[in-house]
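**Student:** Got a predicted model here, sequence first, then my questions.
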Amino acid sequence: MTPTGTGLVGVIEFRAAFDSDSCLFQILGDDPLAESHGLALAGKFTVRVEERTAKSFSALPALYIEEIEPSSDRHFGPDKSACLCSALEEDEFLSPDFQLRPFLERLVIPFLYGQLFYSLNRRWPWSEYAHGATGLLESYGRFPVPAKLDSFLVALTQCGQAWPPIRAALLQRDYIKGHTACFCEKKDPIRRCHPGALQGIRQLQHDIKDSGKIIPR
């Protein structure tokens, strides 16, 4: 990777394998005969890593990939940067300082492997969060971090038309019911459509009430 005025640019070439049974992801060496578990794929991508100016969705550096069309189905955000992980899972790569090697080995290379797999199968190789606000709520259900409530709520407010019904649900005095319309485009009952998001918004409502924070408009 070569430093530039705004970050790093370079080519990442790798071999890696993912075993869906054990959920084991391996970065393989140069030996094509090396033992691997799961589907082994090799790829080469030109990438650009830049510091973010807006950090409401992520405090990690932004990753851009030249060879890939940055669509939401391939897990790219509105700014065309890669969605590498939930904002609630970022601290281990940022504390006490940004950790480049873990960032590349545990986020970037698995993401690039996912792109190769998606090109072959039109789906992600492992379980994934939904897009937009629904995915944010799913991540909060798995990794509730009350200390990040303010930034998490700000991120939700930037989710367009999904925010008003989420805000209305959070303002309810009662427990959020499973038959509430999902916050994705389908609008089916959330307990069937995205149960992880139901768990997340219930936890979020609980943490907001405990903290006494005001829900933004």
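**Tutor:** In hand now; what should we look at?

**Student:** buried ones in the helix ranked longest in the chain?
**Tutor:** Selection of the longest helix in the chain by residue count, based on DSSP state H, yields helix 195-211. For helix 195-211, the buried set under the neighbour-count rule, 16 or more other Cβ atoms under 10 Å, comprises Gly196, Ala197, Leu198, Gln199, Gly200, Ile201, Arg202, Gln203, Leu204, Gln205, Asp207, Ile208. No exception for glycine: its C-beta is placed from N, CA and C like everyone else's.

**Student:** Which stretches in this structure count as helices?
**Tutor:** For the chain, the helices identified by DSSP H occupy 91-94, 100-103, 109-121, 132-142, 149-157, 163-171, 190-193, 195-211, in order along the chain.

**Student:** For these, give me CSV that also has mean pLDDT.
**Tutor:** Supplementary listing: those in CSV, determined by pLDDT from 0 to 100:
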stretch, mean pLDDT
helix 91-94, 88
helix 100-103, 94
helix 109-121, 97
helix 132-142, 90
helix 149-157, 89
helix 163-171, 96
helix 190-193, 94
helix 195-211, 95
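
**Student:** Looking at the record's assignment, how would you partition the chain?
**Tutor:** 2-121, 132-211 (automatic domain parsing).

**Student:** Pick the most buried one from the ones you listed.
**Tutor:** Using mean count of other Cβ atoms under 10 Å, the stretch among the domains of the chain with the largest mean neighbour count is domain 132-211, at a mean of 17.

**Student:** Between the two ends of that domain, what distance do you get?
**Tutor:** Across its full length, domain 132-211 reaches 25 Å end to end, with Cα to Cα, to the nearest Å as the criterion.

**Student:** isn't Val11 right up against Ile65?
**Tutor:** No - the pair formed by Val11 and Ile65 falls short of the contact definition of Cβ atoms under 8 Å, at 11.0 Å.
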